[in-house]
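Engineer: Take a look and give me a structure for this.
(chains A, B, C and D)
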There are 2 protein chains.
Amino acid sequence: MRQTRYSQIYNILKSRIQQGQYGVDSFLPSENVLCATYSITRTTARKALDELLREGFIEKQHGKGSRVKERRQTLGLLTVKGFSEAVGENVKTIFLQKPRVQLWPEELPFPASDSELKTPCISFERLRCVGDSPVVMEIDWLSGMRLKGFENTDFIDGSFFKTLSQKYLIEITGSEQELRALNADEKIAALLKIEPGAPILRISLKFSTSKPDLHIYSYLYCNTENYPIGNTYKH
Amino acid sequence: MRQTRYSQIYNILKSRIQQGQYGVDSFLPSENVLCATYSITRTTARKALDELLREGFIEKQHGKGSRVKERRQTLGLLTVKGFSEAVGENVKTIFLQKPRVQLWPEELPFPASDSELKTPCISFERLRCVGDSPVVMEIDWLSGMRLKGFENTDFIDGSFFKTLSQKYLIEITGSEQELRALNADEKIAALLKIEPGAPILRISLKFSTSKPDLHIYSYLYCNTENYPIGNTYKH
DNA sequence: TAATTTAACTTGTACGTACAAGTATCTTTT
DNA sequence: AAAAGATACTTGTACGTACAAGTTAAATTA
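Structural biologist: As a prediction, this is how the structure comes out:
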């Protein structure tokens, strides 16, 4: 047996969640049903579920079952405070540059590997607004080689991560970030509708994924005046 | 049985680790020894160890045992890039204000509970430097009521968290943070030796602890020019 | 009808057993 | 002396059983 039994079950359940077969807020089959279905004991079923729990795919409720959770977008990342709260109200994402193949830029937020730099580069730019106020300008780069047809793909719910997960079954496995306070240059100031020289926050990001050698590099230029960046961490 | 058996074992092991009874890099008693010592089965022993593993107190090695890890300081927090790398070299912490009892300030980084505000407040200020360059100015507030004799306590290795853990057996269980890019005012500029108006990063923090209703509130004023703030997250 | 009890589910804890597989040491063989 | 094997530990996986405890809905009782 190359793979352990519990990780087989874990993988089956995970991919079904990712593909929406078990939708958000629905319940997974109960532990006893899993036992019968896959001819395993509850110990094994619970170990698979524990893994899903630990990774945030489900939440368990004593006496009820395992409910599929909205996949966390955060992963220890920073999120724009007020963005999620304002959802449904007035949040807009404007594509300044749709995904297209281009050369890698001279400087990335973090150094890329040589093998990555040999592949074509896909890049896109987005402006995130609350109402009429542009708040964040985001530039993303990634290796296009590994995502077939990505340039012509529409984002699911406008979310890049959701698209990665559901369409390509790729998960974010880690991130590295760096924060700097800068003065806005002419271009950024114009986009964010602030004075040139006003203080902005630049977040440099590098995401690792479940696909080897596929990373996502991003710059976020944030006007934190009205919408500070925040995150929470719970043990 | 009010407490579960495995969490009893977990607590015993955890406090022994925290008190240094099981030192860093040493091995915990093997699962079988734990079974014999506490009259439990391996299932229960493993569950307690799993918890310690999940919380980063130990790492397990197939065939060898459970080794006590250096307790992570990060907890998903941001750390100053270059600080840890520069450790042993030239990092200094200057107390601008030693811990003392005072009134709660009018504005905290995050709102405190009423019951907290009824207790005395302990506050202290530190300046973190690399060589001669001041990089971060930090102000901390916490409820003094719950930490007996804290005002007169020296920090273990200069670390506030380490002191909390080892002297008071209090762990950080969560954090909330908010980031803003600001222009340095006169006071901050003087302390950080930069021009007034230069862009700085202000991190507002609220830590939750294992002690109910004890939170730590902080402002970090960071000159990110040479030492950007960073963190990494691994799945 | 309304309140209570029962029954049938669910997950949580804890017991016990067996063997696989990694690590280290001691013993035997070459 | 060096290599190979046996042995005694360790953790990892997986089996099975039993009961506690939370949830829900149907059945019973007042």
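
Engineer: Let me see the backbone angles for the residue nearest to the spatial centre of chain A.
Structural biologist: Nearest to the geometric centre of chain A sits residue A:161, at 3.7 Å (C-alpha atoms, centre = their mean). Main-chain torsions, residue A:161, degrees, to the nearest 10: phi -60, psi -40.

Engineer: moving C-terminal of the lowest-mean-pLDDT helix or strand in chain A, what's the next helix or strand?
Structural biologist: Lowest mean confidence among the helices and strands of chain A (mean pLDDT, DSSP states H and E): strand A:79-80, at a mean of 59. Next in sequence after strand A:79-80, counting helices and strands by DSSP states H and E, comes strand A:91-102.

Engineer: Please identify the buried residues of the following helix or strand past that following strand?
Structural biologist: As assigned by DSSP H and E, the chain's next helix or strand after strand A:91-102 is helix A:114-117. Within helix A:114-117, the residues scored as buried using 16 or more other C-beta atoms under 10 Å in any protein chain shown are residue A:116. C-beta coordinates here come from the backbone N, C-alpha and C atoms, glycine included.

Engineer: how far does helix A:114-117 sit from the chain's center?
Structural biologist: Relative to its parent chain, helix A:114-117 has a centroid offset of 22 Å by C-alpha atoms, centre = their mean, to the nearest Å.

Engineer: before we move on, what about stretch A:157-164?
Structural biologist: On C-alpha atoms, centre = their mean, the centre of stretch A:157-164 falls 7 Å from that of its chain.

Engineer: Restricting to C-alpha, output that stretch in PDB.
Structural biologist: In PDB, the C-alpha atoms belonging to stretch A:157-164 read as follows (Å, rounded to 0.1, in the frame of the first residue of the first chain):
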ATOM      1  CA  ASP A 157     -16.700  34.800  -8.500                       C
ATOM      2  CA  GLY A 158     -13.900  37.200  -9.500                       C
ATOM      3  CA  SER A 159     -11.600  35.300  -7.200                       C
ATOM      4  CA  PHE A 160      -8.200  34.100  -8.500                       C
ATOM      5  CA  PHE A 161      -7.700  31.600  -5.600                       C
ATOM      6  CA  LYS A 162     -11.200  30.100  -6.100                       C
ATOM      7  CA  THR A 163     -10.400  29.700  -9.800                       C
ATOM      8  CA  LEU A 164      -7.100  28.000  -9.000                       C
END
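
Engineer: What residues of it count as buried?
Structural biologist: By 16+ other C-beta under 10 Å, the buried positions in stretch A:157-164 come out as A:160, A:161, A:163, A:164.

Engineer: Kindly confirm my reading that residue A:187 forms part of a strand.
Structural biologist: No: counting by DSSP: H, G, I helix; E, B strand; the rest coil, residue A:187 falls outside a strand, being helix.

Engineer: ok, it - how many residues close by?
Structural biologist: Number of residues near residue A:187 (other C-beta atoms under 10 Å in any protein chain shown) recorded here: 11.

Engineer: Can you check the pLDDT for it?
Structural biologist: Confidence at residue A:187, expressed as pLDDT, is 95.

Engineer: And residue A:123, by the same measure?
Structural biologist: Reported pLDDT for residue A:123: 94.

Engineer: Surely it is in contact with residue A:100?
Structural biologist: Yes: at 6.8 Å, residue A:123 counts as touching residue A:100 under the criterion of C-beta atoms under 8 Å.

Engineer: neighbour count winner among those two?
Structural biologist: residue A:123 (19 against 11).

Engineer: which SSE is the closest residue to that one other than its chain neighbours in?
Structural biologist: With sequence-adjacent residues excluded and distances taken as C-beta to C-beta, 6 or more residues apart in numbering or on different chains, residue A:123 is closest to residue A:141, at 4.9 Å. Per DSSP H and E, residue A:141 falls inside strand A:133-143.

Engineer: Go through that strand and flag the buried ones.
Structural biologist: Quick answer for strand A:133-143 (16+ other C-beta under 10 Å): A:134, A:135, A:136, A:137, A:138, A:139, A:140, A:141, A:142, A:143.

Engineer: Would you convert those residues into TSV that also reports distance to DNA strand D and pLDDT?
Structural biologist: Below are those laid out as TSV (distance: C-beta to the nearest atom of the strand, whole Å; pLDDT from 0 to 100):
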residue	distance to DNA strand D	pLDDT
A:134	44	91
A:135	39	89
A:136	39	90
A:137	44	94
A:138	39	92
A:139	40	95
A:140	36	94
A:141	36	95
A:142	32	93
A:143	32	88
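
Engineer: export those to a markdown table and tack on distance to residue B:149?
Structural biologist: Output for the buried residues of strand A:133-143, formatted as a markdown table (distance: C-beta to C-beta, whole Å):
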| residue | distance to residue B:149 |
| --- | --- |
| A:134 | 51 |
| A:135 | 46 |
| A:136 | 46 |
| A:137 | 50 |
| A:138 | 49 |
| A:139 | 52 |
| A:140 | 52 |
| A:141 | 53 |
| A:142 | 54 |
| A:143 | 56 |
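
Engineer: which non-adjacent residue is nearest residue A:54?
Structural biologist: residue B:54 (7.3 Å).

Engineer: hang on, the earlier thing: tell me who's in contact with the residue nearest to residue A:123.
Structural biologist: For residue A:141, the contacting residues are A:104, A:105, A:108, A:121, A:122, A:123, A:216, A:217, A:218, by C-beta atoms under 8 Å, 6 or more residues apart in numbering or on different chains.

Engineer: Right, I'll leave it there.
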